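1. Sequence and computational prediction follow.
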Amino acid sequence: MTEHPSPRLQAERWIERQLPRIVVLPLFALSLFFVYGFIAWTAYISMTPSGVMPVYDFQGLAQYERLWATPRWYVAILNLFVFSGLFIVIAMAIGILLAILLDQRVRAEGLIRTIYLYPMALSFIVTGTVWKWLLNPGLGLQRFMREVGFEDFTFDWLVNSDYAIYTLVLAAVWQSSGYAMALFLAGLRSVDDEILKAAAVDGASGWKTYTSIVLPILRPVFLSTVIILAHLAIKSFDLVIALTGGGPGYATDMPATFMYAFAFQRSELGVAAASATMMLMTITAIIVPYLYSELRRTNR
Amino acid sequence: MRQRRTSGIVQPKGLRSVLMRMGLFAVLGLFCLYYLLPLVVMVSTSLKSLAEIREGTLLSLPQAITFDAWAKAWDSACVGVRCDGLKPFMWNSIAMAVPAVILSTTLGAINGYALTKWRFPGADWIFALILFGAFIPFQVVLLPMARTLGQLGLAGTVPGLILVHTVYGLAFTTLFFRNFFVSVSDGILQAAKVDGAGFFGIFFRIVLPMSIPAIVVTVIWQFTQIWNDFLFGVAFTIGDSNPVTVALNNVVNTSTGVKEYNVDMAAAIIAALPTMLVYVVAGAYFVRGLSAGAVKG
């Protein structure tokens, strides 16, 4: 008589079976609302005449035309290219160099690694504050060099609108090159020791082993490091605010600070939304192919 | 990170190798200086009086060590119009970071577990869509988030920031736990399922105890991210509810009165102390979080 479980038991089993879905769906809904819903809202607002307050009359791409007719936006885009180009290249170069040097069975490697990497634990606001002090022409490095005898030494990049963008590179490289080092070192350590032994047996020099055998194996590490650093660069906001405040004038504006200024200081929501959408499209173009290939690779 | 076990791969003997070795250590040492000097300057400046800062140079060590700048940064420096130092804002950051870290880590753990160990049709798509949220430039959500917080009555409050950090931290925490659970063998779980253990039974009795390393990595990553956040703090809070990063920026960039570099430096160190402490105590896990954030999927 009890072959068939009671309806209550059946319901419990059904819930038990559905539990994974019941758990995931609310979280997925959060993501749909706060990520995709918000993106849709911002993208729509970028196609309305919104100013101080959002309005919902569709007007097409007029805000994008205004955005691309704004000289300050060009400054921001150009700065982003200069900054990310230099930042990525220099941070990667330092990262590879340090990783290879640390891979030479160095004593106290752990300590040295800790020193190289600690800036990553700091907030960009802290980094900006420190470098602002170091680069301050009145009391910082310039004064120090003059005191020790180089009386004509001039280092006023921070207050020079042509060079201020490079101070951002200096500080960002200081903060993030240790990260690149850690990624490359992890990559080097994952290279099979047998390959290195075989190369040594074949008489390859240490240098040649790296340039012709190890670095090509690390190609995926290069790719992910570039992507991570590019991602950091496009999102850079805190460092600009803390170190230069976007100045002198708007000489060191970047898309992230541009968007913030137009949204919260100048109350031009339409232009702000248009610039945010441009940023999203740029990042999407970089990240989506990368995520797609990574996810496919791990699923196989 | 493991050390190389092999020895004698490339090991030429003689003067040349000794010189190479010295060159190696010279370069490594120079870079140590490069990374450490700003920290040294920061600490030494914070221990000087303003007069000493004006007379000396960047690298001169403090002659008469004084903690006045520290006391002022903590207790009485002016942040905007309020002159209570960083103290109240440190509490804001703690009140924001602790719940946000616990919430985002817990939800990420359950999410990652359900998506890997109880795969249902469409689970991979759901994961991919959630994961994308980790990479969006947050500028694209600032405006609608500000409105939503306003409608929820959370505008300009610490609970509002907790919500924001939990929601946007979820993508990262789900990723971390998914990567961890993928490497956990299904065998034990299958056995438990056969024994009649359910979704939460397996999670709490089997999966959670073996996930301690993943939990540590995620908590450290989330804490560092949330504590160091500036964008959400400056966009969604005002005055009294600012997190410490925003308050620090206000201390440093106030244009009124004499510029007190020693107070700025002490304030910067105070704001950085919690994450630095985490890094020093649990550096290895911190590094693992960094590379987990790198190798996606």
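-> Happy to help now that I have it.
2. low pLDDT regions in chain B?
-> Within chain B, the stretches with pLDDT under 70 are B:1-13, B:255-257, B:289-297.
3. how does the chain divide up, domain by domain?
-> Going with chain A. A:1-38, A:72-299 (automatic domain parsing).
4. Chain B, not that one
-> Residue ranges of the domains in chain B are recorded as B:15-66, B:87-294, according to automatic domain parsing.
5. As a markdown table, the domains of chain A with distance to chain B would be great.
-> Every residue, glycine included, has its C-beta placed from N, CA and C. Converted to a markdown table, those look like this (distance: least, CB to the nearest CB, whole Å):
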| stretch | distance to chain B |
| --- | --- |
| domain A:1-38 | 4 |
| domain A:72-299 | 4 |
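6. Ranking those domains by mean neighbour count, which comes first?
-> Taking mean count of other CB atoms under 10 Å in any protein chain shown as the contact definition, the stretch among the domains of chain A with the greatest mean neighbour count is domain A:72-299, which reaches a mean of 19.
7. tell me, what residue is most central in chain B?
-> By CA atoms, centre = their mean, chain B has its centre lying nearest to B:Thr224, at 1.1 Å.
8. now chain A
-> Closest residue to the average C-alpha location of chain A: A:Leu232 at 1.0 Å, with CA atoms, centre = their mean.
9. sorry, back to before: and the closest residue to the residue nearest to the centre of chain B other than its chain neighbours, what helix or strand is that in?
-> Closest residue to B:Thr224 apart from its sequence neighbours, by CB to CB, 6 or more residues apart in numbering or on different chains: B:Thr275 at 5.1 Å. Using DSSP states H and E, B:Thr275 maps to helix B:261-281.
10. what helices or strands is that helix leaning on?
-> In terms of contacts (3 or more CB pairs under 8 Å, 6 or more residues apart in numbering or on different chains; DSSP states H and E), helix B:261-281 is packed against helix A:124-135, helix B:15-46, helix B:50-55, helix B:68-75, helix B:87-117, helix B:212-228, helix B:244-252.
11. is it true that A:Gln104 lies in a strand?
-> No: A:Gln104 is assigned coil when assessed by DSSP: H, G, I helix; E, B strand; the rest coil, not a strand.
12. what residues are up against the closest residue to it other than its chain neighbours?
-> Closest residue in space to A:Gln104, ignoring its immediate chain neighbours: B:Leu24 at 6.1 Å, by CB to CB, 6+ apart. B:Leu24 makes contact with A:Leu101, A:Gln104, A:Val106, according to CB atoms under 8 Å, 6 or more residues apart in numbering or on different chains.
13. And B:Leu24, how far from A:Gly249?
-> When distance is defined by CB to CB, to the nearest Å, B:Leu24 is 45 Å away from A:Gly249.
14. What of B:Gly150?
-> Using CB to CB, one obtains 33 Å as the distance from B:Gly150 to A:Gly249.
15. swap in B:Ile162?
-> With distances defined as CB to CB, the gap from B:Ile162 to A:Gly249 amounts to 37 Å.
16. In three-state terms, how would the residue lying closest to A:Ser161 once chain neighbours are set aside be classified?
-> With sequence-adjacent residues excluded and distances taken as CB to CB, 6+ apart, A:Ser161 is closest to A:Ala251, at 3.7 Å. Classification of A:Ala251 using three-state DSSP returns coil.
17. For the host helix or strand of A:Phe38, enumerate the helices and strands it packs against.
-> Secondary-structure element containing A:Phe38, defined by DSSP H and E: helix A:38-45. Under the contact criterion of 3+ CB pairs under 8 Å, 6+ apart, helix A:38-45 touches helix A:269-299, helix B:139-151.
18. Least confident of the ones you listed, on average?
-> Per-stretch mean pLDDT for those is lowest at helix A:269-299 (a mean of 85).
19. from the middle of its chain, how far away would that helix be?
-> Averaging C-alpha coordinates over helix A:269-299 and over its chain gives two centres that are 12 Å apart (CA atoms, centre = their mean, to the nearest Å).
20. Show me which positions of stretch B:206-226 end up buried.
-> Of the residues in stretch B:206-226, those buried under the neighbour-count criterion (16 or more other CB atoms under 10 Å in any protein chain shown) are B:206-207, B:211, B:214-226.
21. List the contacts of stretch B:56-73.
-> A:134, A:139-141, A:143-144, A:147-148, B:41, B:44-49, B:52, B:85-86, B:251, B:260, B:262-267, B:270.
22. Buried ones in that stretch, by neighbour count?
-> Under the neighbour-count rule (16+ other CB under 10 Å), stretch B:56-73 has B:Gly56, B:Leu58, B:Pro62, B:Asp68, B:Ala69, B:Trp70, B:Lys72, B:Ala73 buried.
23. out of those, what pair is the most spread apart?
-> B:Leu58 and B:Lys72 (21.0 Å; CB to CB).
24. picking that back up, neighbour count says what about the contacts of stretch B:56-73? Which are buried?
-> In terms of neighbour count (16+ other CB under 10 Å), the buried residues within the contacts of stretch B:56-73 are A:134, A:139-141, A:143-144, B:41, B:44-49, B:52, B:85-86, B:251, B:260, B:262-267, B:270.
25. which residues sit in contact with the nearest residue to A:Tyr36 once chain neighbours are set aside?
-> The spatially closest residue to A:Tyr36, leaving aside those adjacent along the chain, is B:Leu129, at 7.6 Å (CB to CB, 6+ apart). Shown in contact with B:Leu129 (CB under 8 Å, 6+ apart): A:Phe28, A:Ser31, A:Leu32, A:Tyr36.
26. how about JSON lines for these, with secondary structure, distance to A:Ile217 and pLDDT added?
-> Output for these, formatted as JSON lines (DSSP: H, G, I helix; E, B strand; the rest coil; distance: CB to CB, whole Å; pLDDT from 0 to 100):
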{"residue": "A:Phe28", "secondary structure": "helix", "distance to A:Ile217": "38", "pLDDT": "93"}
{"residue": "A:Ser31", "secondary structure": "helix", "distance to A:Ile217": "36", "pLDDT": "92"}
{"residue": "A:Leu32", "secondary structure": "helix", "distance to A:Ile217": "40", "pLDDT": "93"}
{"residue": "A:Tyr36", "secondary structure": "helix", "distance to A:Ile217": "38", "pLDDT": "95"}
